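Visitor: Show me the folded form of this:
(2 chains)
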Protein chains: 2
Amino acid sequence: MLRATRRLACLAALGAGLGLAACASAPVSAQETVRSERGAFRVSEFATGLDRPWGAAFLPDGRMLVTERPGRLRLVARDGKLSPAIPGVPEVVAAGQGGLLDVALAPDFATTRQIYVCLAGAAEGGVLTRLATATLSPDMSRLEGTRTLLDAAPAQSSGRNHYGCRIAFGRDGKLFLSTGERFTNKPRAQDLADLGGKVLRLERDGRPAGGNPFLNRPGARPEIFTYGHRNPQGLAVNPATRSLIEIEFGAKGGDEVNLLRAGANYGWPLVSHGTDYDGSPIGTGRASAPGIEEPLRHWTPAISPSGGNFYAGGAFPAWQGNLFLAALNPPGLMRLTMDGDRVVAEERMLWGRTRFRQVLPGPDGLLYILTDETRGRILRLEPAP
Amino acid sequence: MLRATRRLACLAALGAGLGLAACASAPVSAQETVRSERGAFRVSEFATGLDRPWGAAFLPDGRMLVTERPGRLRLVARDGKLSPAIPGVPEVVAAGQGGLLDVALAPDFATTRQIYVCLAGAAEGGVLTRLATATLSPDMSRLEGTRTLLDAAPAQSSGRNHYGCRIAFGRDGKLFLSTGERFTNKPRAQDLADLGGKVLRLERDGRPAGGNPFLNRPGARPEIFTYGHRNPQGLAVNPATRSLIEIEFGAKGGDEVNLLRAGANYGWPLVSHGTDYDGSPIGTGRASAPGIEEPLRHWTPAISPSGGNFYAGGAFPAWQGNLFLAALNPPGLMRLTMDGDRVVAEERMLWGRTRFRQVLPGPDGLLYILTDETRGRILRLEPAP
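Guide: Below you'll find the model as predicted:
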């Protein structure tokens, strides 16, 4: 009861525009019960002892692979117990926002045991977003045959931020990879010869996917599916429409959820609904422009959405088809109600508490959240009894 | 002879990479004879006493209209004598690079007496490139019915540079107008809702021309013909191919001559063959990019080409079909040999001497050059006897 009161006080402080300081002392904790718009849920700590968990994927047997940004991949048992670090992970540059970032299973993992990882990797000239693949050994103790599939060139020597690095599979089995613009003043995201600030669409072996929009444009990288992205750390397929949804960080405001259309330009750094960190305008100073896709939804002030997935499980019928975003700052969970590919409502949950890096539904229908903490956790949301 | 010797010494100094200092004391002067690659010509002073002449157009009777940047329009008689300032000129903002800039005759001037001027004009929010029209009175003493046809919005309160402002008529009678990006850090030239950094294609009354490439793109300005231009001060139709050629200033290098294609992007400020004035890269730092038109020719170091026209007169048969550029810095005249729409050779003439703003052939087949001087002149090139 004391805990619930403190949470309400925190929300009241937020509502009164008092900022987050009042909430900083109330991180999300185990066994907390939360009343939300569509019913109550309980938060439990499913796993602990992870250093900056970033990406996760459930195996067919209900266990989970999870990355730690410093460069470790672990198996999480169904009871939340962590395996030792799995050897065979590619070398990463664990600095700034870089390291071992996302992990995804091949669609035919059950027979091939193939996984994909995205990471910040060293290359000639600096660091870049890298896609690699490997096979998980039958006893799940090690990665075998690890190899790079794609480097999002050019490498950049300055800065250690904005790698993008989320992996998703389309319904046609193609691999989508988001890449960041590497926090440079260069308009890399607008340059079709540059793989930064893009969403790429690839065959399973890293080659450009057939049917990609710029296959026949001289000089353009054939891997590109969409461009004009800043730092896209969320990619998810809408199960209701099969559309690919992308989630990206703006600067000071202008965070976006986008519906991706082949060949489309999402505007960075020409237009933004936000401003630069010092308040100066981005690019044209305009929020939208002809020929540039409007986001489905955007946030100013920022929420720093770092990952997201659709909920399609059975445990929370009222959340069916909702898009959940993990927010870093203000920290929390954003629940978006969809109508087809439109966003029609939002609810902020566990807001102002703990930085969340990724959220994904489990095969048990519960919702799992990776916290962006050095003593990081995997939280689990289940219906309150 | 002394003069010719000094000129040769100057050219030798240039050739030896000694810079322009040695030439600064040798402006182009009257009655000078110059040996060029395709024969010798003589330079004479056709008119004097103009303050920063910028644009000029020959009347059917062989007289010439010429603008002075501070805001005057004058008639130049066939003997070079200047009329008083012609009243009825629109009000201009004569600051920085702005003022009364180009003048052009309507294609049916002989019957309508209609002229067009381009200027820097005051508008709500600042200054912008403005197209106006008027009728020249039968006695050529005044402009009548002066009115604005188009404002290249938005107006900008900061800076007084980069208006573009050249007018040309296509073979189909449509009016082309170049507009500058106003020397701002905003990527105005890439914004299709913004009329800066564009070449516009207009009906005679200033409305968007039929068939324009962005007529059906929501939010795009329907006047736009091409985009991604920095400061385009030259527009000319190639008489051999009917193509429209555009000439623009880069920053530190990257000056361009472009072949305009409807709807095409010429890249500023995403790509440039030059750099910023402090040597830092422009945009992507790349000279070219997929989806962006390559210039026909570009110059680094810069030549600052401010105007240009094709030569199609009879007095210099060896120059037939050549494209002449007026260069400000290094000052001089650039003669480009064309093969269709390709530039195959260049010759620098009167180089390192006097800043030239515009060059145009007269109905007598001679070549006329406006000098960018406060005690400005119109020079005339004729074959040496």
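Visitor: and chain A, which of its residues are near chain B?
Guide: Contact residues (Cβ under 8 Å from any Cβ of the partner chain) of chain A with chain B: A:186-188, A:190-194, A:214, A:217-220, A:270-271, A:281, A:283-286, A:288-291. The C-beta positions use only the backbone N, C-alpha and C, and glycine is treated the same way.
Visitor: Selection in ChimeraX covering whichever of those residues are buried, please.
Guide: Burial among the residues of chain A next to chain B is assessed by 16 or more other Cβ atoms under 10 Å in any protein chain shown; the matching ChimeraX selection reads:
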select /A:186,187,188,190,191,192,193,194,214,220,270,271,283,284,285,286,289,291
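Visitor: Okay, the nearest residue to residue A:173 once chain neighbours are set aside and chain B: tell me how far apart.
Guide: Counting by Cβ to Cβ, 6 or more residues apart in numbering or on different chains, residue A:107 is the residue found nearest to residue A:173 once chain neighbours are left out, at 5.4 Å. Here the criterion is Cβ to the nearest Cβ, to the nearest Å. By it, residue A:107 lies 31 Å from chain B.
Visitor: As a check, name the ranges of all strands in the stretch 1-150 of chain A.
Guide: Applying DSSP state E, counting those that start in this stretch to the stretch 1-150 of chain A gives strands spanning A:32-36, A:39-50, A:53-58, A:64-68, A:72-76, A:100-105, A:114-123, A:126-136, A:143-151.
Visitor: Summarise which helices and strands the longest one is packed against.
Guide: Same thing as strand A:39-50. strand A:32-36, strand A:64-68, strand A:72-76, strand A:376-383 (3 or more Cβ pairs under 8 Å, 6 or more residues apart in numbering or on different chains; DSSP states H and E).
Visitor: Averaged pLDDT, that strand. What do you get?
Guide: Averaging pLDDT along strand A:39-50 gives 96.
Visitor: Now do that strand: everything it contacts.
Guide: For strand A:39-50, the external contacting residues (Cβ atoms under 8 Å, 6 or more residues apart in numbering or on different chains) are A:28-34, A:66, A:68, A:74, A:76, A:80-82, A:316, A:318, A:350, A:368, A:370, A:375-385.
Visitor: Let's see which of the residues of chain A next to chain B end up in helices.
Guide: Using DSSP state H, no member of the residues of chain A next to chain B falls within helices.
Visitor: Name the residue of the stretch 251-385 of chain A that lies nearest to chain B.
Guide: residue A:290 (3.5 Å; Cβ to the nearest Cβ).
Visitor: Next up, the contacts around that residue.
Guide: Residues counted as contacts of residue A:290 (Cβ under 8 Å, 6+ apart) are B:192-193, B:214, B:217-220.
Visitor: ditto for residue A:315
Guide: Residue A:315 makes contact with A:364-366, A:382-383, according to Cβ under 8 Å, 6+ apart.
Visitor: Going through those residues, which ones are buried?
Guide: The buried subset of those - by 16+ other Cβ under 10 Å - is A:365-366, A:382.
Visitor: which one among those gets closest to residue A:324?
Guide: Of all the buried ones among the contacts of residue A:315, residue A:324 sits closest to residue A:366, with 12.1 Å by Cβ to Cβ.
Visitor: now that closest one: how far from residue A:319?
Guide: Distance check for residue A:366 against residue A:319: by Cβ to Cβ, to the nearest Å, it reads 11 Å.
Visitor: where does the closest residue to residue A:38 other than its chain neighbours land in three-state SS?
Guide: Using Cβ to Cβ, 6+ apart and skipping the chain neighbours, the partner closest in space to residue A:38 is residue A:318 (3.7 Å). Under the three-state scheme (DSSP: H, G, I helix; E, B strand; the rest coil), residue A:318 adopts helix.
Visitor: Could you verify my assumption that residue A:318 touches residue A:335?
Guide: No - in this structure residue A:318 lies outside contact range of residue A:335 using Cβ atoms under 8 Å: 10.0 Å.
Visitor: higher neighbour count, those two?
Guide: The neighbour count for residue A:318 versus residue A:335, taken as other Cβ atoms under 10 Å in any protein chain shown, is higher for residue A:335 (22 against 12).
Visitor: so the more buried one bridges to which residues?
Guide: residue A:324, residue A:347 (DSSP bridges).
Visitor: which residues sit in contact with it?
Guide: If you count contacts by Cβ under 8 Å, 6+ apart, residue A:335 has them with A:36, A:319, A:322-324, A:346-349.
Visitor: Show me just the buried residues among these.
Guide: If we count by 16+ other Cβ under 10 Å, those have these buried: A:36, A:319, A:322-324, A:346-349.
Visitor: Max pairwise distance over the residues you listed: which two?
Guide: Using Cβ to Cβ, those reach their maximum pairwise distance at A:36 and A:323, which is 15.2 Å.
Visitor: Rebuild the buried ones among the contacts of residue A:335 as CSV, extending it with pLDDT.
Guide: Converted to CSV, the buried ones among the contacts of residue A:335 look like this (pLDDT from 0 to 100):
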residue, pLDDT
A:36, 93
A:319, 96
A:322, 98
A:323, 98
A:324, 98
A:346, 97
A:347, 97
A:348, 97
A:349, 96
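Visitor: Reformat those as CSV; add distance to residue B:207.
Guide: What follows is these, written out as CSV (distance: Cβ to Cβ, whole Å):
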residue, distance to residue B:207
A:36, 55
A:319, 53
A:322, 49
A:323, 45
A:324, 50
A:346, 44
A:347, 49
A:348, 49
A:349, 53
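Visitor: Looking at those residues, which is nearest residue A:153?
Guide: Nearest to residue A:153 among the buried ones among the contacts of residue A:335, with distances taken as Cβ to Cβ, is residue A:323, at 31.4 Å.
Visitor: separation between the closest one and residue A:363?
Guide: Taking Cβ to Cβ, one finds residue A:323 at 19 Å from residue A:363.
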